[in-house]
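> any chance you could fold what I've pasted below:
(one chain, ligands or ions: 1)
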Amino acid sequence: MRLPRITSTSQLRLQGASAYVGDLLTPTLRLGVTGLSRAGKTVFITALVKCLCDGGAVPRFSCLTDDTLRAYLEPQPDDDVPRFQYEEHLAALLAKEPAWPQGTRRISQLRLTLEWPSRGGLFELLGLSQRLHIDIVDYPGEWLIDLAMLDQSFQEWSRHALATARRPVFAEMAKPFLDFAASVNADAAADEQVAIRGAELFTRYLQEARRCDASHAGLGPGRFLLPGDLEGSPQLTFFPLDAEPNRPGSLLSLLAGRFASYRKNIVKPFFEAHFSRLDRQIVLVDVLSALNGGGEGMRSLEDGLEGVMRAIRPRSDSWLAYILGRRIDRIVFAATKADHVHRSAHQQLEDILAKSVARAAKRAEAAGSEFRCIALAALRATTDVHKDVQGERLLGVRGTPEAGERIGGRYFDGTQRVVVFPGDLPGDPLDAFDDHRARPEDFGFVRFRPPRLVQQEDDGQAPGWPHIGLDKAFAFLFEDYLP
Ligand code: GDP
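Residues are numbered from 1 along each chain as shown. The predicted structure follows:
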């Protein structure tokens, strides 16, 4: 029997078919990147993509032992999700006068593909390289906290939200809203203007509470803090009111109805369409800001982590467990901005985070997760220094504090490069939760300007990308798929 001759057209078809099979067999992992506002999500994603695509990480990624591995960006698969503005964020960091990029305000996505020559198996037979798609999904941690609302009635949510607003730490910020809420009659006829005014005052209190100390983590609803595309939407016009259910057409029933539609139209779809499709997760946590807030700051951090745990490890009898087709099987919790302290304190930082995560997991009855806690600085803005003073070794960092930062009575204007001794982190992680053992005045963390990463003119060499722990986070999340 004569075999048909392979023409160039059929050869092309064959190659096309192999590529098609290769595409079908290419695994895709969806990595969720979350954390509260200003935790460091945008800088983390930008740094990770830059180091993988262009190299230059210092220290280098030791898990990438195959020198032939390359990484590149590809068009993202989901047309209805905005693209993560990688190029824009990178340009801000690489500018002559570098600036931190604009942080996460809404959900966005980026597809990163890793590719390496196949060694054996079907791929080699087909003449194809081995590939792995990593779809990075960036979303505000505030949206995760909303999960608790799904189990609450309007009355239960109101009671909890009002009790939080009455905590002494929020007294001043919440006063205009609480005065307003006390003045309205829940049984009066529904009035749109009252709903709008109440929601405005409630939102202002939430935003001020978050602005004054980023560690007040459990506050919500999440879209009131970060509305994403819902800015100005009528779906965000409700506020907590402590009254028993009453007649239809009243103010209370208007607010309860809005609350119900927020849960149905905003909270549920996010979990169904985005969260339920994640395979791996990194949760970025600003532990140092929480420590700056003393015991109260650490307890707030734990509240926030408990909300995150309830989402990532839902109880088996919950609605979320029901819709999650598969489980997130690896989680990294990262204490960000680790470059604010000397490297000798990184272990303590990791221990404090691990203790907070363990306490939160216990409260959320979440078990069985494979997770790791690491100290992370996606872009290191400082260098370590030490100074011996009268036989005692002081450990600190050198960098350029942002304009407006201050330590004690000293203000910085954003141009001075200085040495900062931020204070010793508690040796026993439990002490971090103790108001007497870890007091805000014991620490002096300041925000630093990003380092200059512009090309050196003399040798034309791009400088490295200094980081802490970026390689460890990447390795834990993906090493089971790497060559
Ligand atoms: P997001 O809101 O979670 O997206 O947070 P960003 O990634 O925008 O980071 C918020 C701020 O944290 C930045 O503007 C920086 O001031 C600071 N930051 C983030 N990552 C680092 C880091 O690796 N080192 C230092 N020193 N600061 C960082």
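
> near the ligand, which residues of this protein?
With CB under 6 Å from any ligand atom as the criterion, the chain comes near the ligand at residues 35, 37-43, 100, 103-104, 336-337, 339, 377-379, 381, 447-448. From N, CA and C alone the C-beta is placed, and that goes for glycine too.

> apart from its chain neighbours, what residue comes closest to Glu272?
Once flanking residues are discounted, Glu272 sits nearest to Ile323: 5.8 Å by CB to CB, 6 or more residues apart in numbering.

> now the phi/psi pair for that neighbour, please.
Backbone torsions of Ile323, given as degrees, to the nearest 10, read phi -80, psi -20.

> list the contacts for it?
271-272, 276 (CB atoms under 8 Å, 6 or more residues apart in numbering).

> count the neighbours of Glu88 for me.
For Glu88, the neighbour count with other CB atoms under 10 Å is 11.

> right, and it touches Pro101 too?
Yes - using CB atoms under 8 Å, Glu88 is in contact with Pro101, at 7.1 Å.

> still on that earlier bit, just name the closest of the contacts of Ile323 to the ligand, please.
Phe271 (20.0 Å; CB to the nearest ligand atom).

> and that closest one, that's in a helix?
Yes - the assignment for Phe271 is a helix, going by DSSP: H, G, I helix; E, B strand; the rest coil.

> in the stretch 51-200 of the chain, which residue sits nearest the ligand?
With CB to the nearest ligand atom as the measure, Gly103 is the residue of the stretch 51-200 of the chain nearest to the ligand, at 2.8 Å.

> excluding its backbone neighbours, what's nearest that residue?
With sequence-adjacent residues excluded and distances taken as CB to CB, 6+ apart, Gly103 is closest to Thr42, at 5.1 Å.

> so the one you found sits right up against Tyr139, yeah?
No - with contact defined as CB under 8 Å, Thr42 does not count as touching Tyr139 (11.7 Å).

> quick check: neighbours shared by the two?
In terms of CB under 8 Å, 6+ apart, Thr42 and Tyr139 are both contacted by the residues Thr104.

> from Gly228, how far off is the residue nearest to Glu272?
The gap separating Ile323 from Gly228 is 21 Å, by CB to CB, to the nearest Å.

> in three-state terms, label the closest residue to Arg159 other than its chain neighbours for me.
Spatial nearest neighbour of Arg159, chain neighbours left out: Asp242 (5.8 Å); criterion: CB to CB, 6+ apart. Assigned by three-state DSSP, the conformation of Asp242 is coil.

> quick one: contacts for Asp242?
Here Asp242 is in contact with 155, 158-159, 162 (CB under 8 Å, 6+ apart).

> and for Val49?
The neighbours of Val49, taking CB under 8 Å, 6+ apart as the test, are 71, 73, 86, 90, 110, 112, 136.

> where does pLDDT dip in the chain?
Along the chain, the parts satisfying pLDDT under 70 run over 1-24, 122-124, 213-217, 325-326, 367-369, 454-462.

> tell me the domain boundaries of it?
In terms of domains, the chain is parsed into 24-139+274-483, 146-273 (source: automatic domain parsing).

> picking up where we left off before, would you list the phi and psi of the residue nearest to Gly103?
Torsion angles, degrees, to the nearest 10, at Thr42: phi -60, psi -40.

> burial count for the closest residue to Arg406 other than its chain neighbours?
Excluding its sequence neighbours, the residue lying closest to Arg406 (CB to CB, 6+ apart) is Phe412, at 6.7 Å. By other CB under 10 Å, the residues close to Phe412 number 20.

> how near is Phe412 to Pro401?
With distances taken as CB to CB, Phe412 is found 4 Å from Pro401.

> now do the shared contacts for the two.
Contacts common to Phe412 and Pro401, judged by CB under 8 Å, 6+ apart, are 418, 446.

> grab the nearest non-local neighbour of Pro82.
Distance criterion CB to CB, 6+ apart; nearest residue to Pro82, sequence neighbours excluded, is Ser108 at 4.7 Å.

> might one say that the one you found is in contact with Asp138?
Yes - using CB under 8 Å, Ser108 is in contact with Asp138, at 5.0 Å.

> joint contacts of the two?
Residues touching both Ser108 and Asp138 by CB under 8 Å, 6+ apart: Phe84.

> quick one: contacts for whatever residue of the stretch 151-300 of the chain ends up closest to the ligand?
Residue of the stretch 151-300 of the chain nearest the ligand, by CB to the nearest ligand atom: Leu284 (6.3 Å). Shown in contact with Leu284 (CB under 8 Å, 6+ apart): 33-35, 39-41, 44, 141, 334, 336, 376.

> quick one: which of those sit in helices?
41, 44 (DSSP state H).

> which pair of the contacts of Leu284 spans the longest distance?
Gly141 and Leu376 (15.3 Å; CB to CB).

> for these two, indicate the residue with more neighbours.
Between Gly141 and Leu376, Leu376 has the larger neighbour count (other CB under 10 Å), namely 30 against 25.

> residues in contact with Leu144?
34, 222, 275, 307-308, 311.

> quick one: these as JSON lines, columns for secondary structure too.
Below are these laid out as JSON lines (three-state DSSP):
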{"residue": "Thr34", "secondary structure": "strand"}
{"residue": "Gly222", "secondary structure": "helix"}
{"residue": "Phe275", "secondary structure": "helix"}
{"residue": "Gly307", "secondary structure": "helix"}
{"residue": "Val308", "secondary structure": "helix"}
{"residue": "Ala311", "secondary structure": "helix"}
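
> list only buried entries from those residues.
34, 222, 275, 307-308, 311 (16 or more other CB atoms under 10 Å).

> of these, closest to Gln348?
Nearest to Gln348 out of the buried ones among the contacts of Leu144 is Val308 (CB to CB; 22.0 Å).

> tell me who's in contact with that closest one.
Contact analysis of Val308 by CB under 8 Å, 6+ apart lists 34, 141, 144-145, 283, 360.

> show residues contacting whichever strand or helix holds Phe478.
Taking DSSP states H and E as the definition, one finds Phe478 inside helix 470-478. Contacting residues not belonging to helix 470-478 are listed as 29, 31, 44, 47-48, 51-52, 57, 59-63, 132, 134, 280, 282, 330, 332, 334, 372, 374, 376, 378 [CB under 8 Å, 6+ apart].

> let's see which of those residues end up in helices.
Per DSSP H, those map to helices at 44, 47-48, 51-52.

> isn't Arg359 right up against Glu302?
Yes - with contact defined as CB under 8 Å, Arg359 counts as touching Glu302 (5.6 Å).

> all helices for the stretch 251-400 of the chain, in order.
Secondary structure of the stretch 251-400 of the chain by DSSP state H, counting those that start in this stretch: the helices cover 251-262, 268-273, 287-292, 294-312, 319-323, 346-363.

> how about those, which one is nearest Val420?
Between these, helix 287-292 lies closest to Val420; by CB to CB that is 12.2 Å.

> pull the CA atoms of that closest one into CSV?
Extracted as CSV, the C-alpha positions of helix 287-292 are listed here (Å, rounded to 0.1, in the frame of the first residue of the first chain):
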residue,chain,number,x,y,z
VAL,A,287,1.7,43.0,59.7
LEU,A,288,4.0,46.0,60.5
SER,A,289,1.2,48.5,60.2
ALA,A,290,-0.9,46.3,62.5
LEU,A,291,1.9,46.3,65.1
ASN,A,292,2.1,50.0,64.8
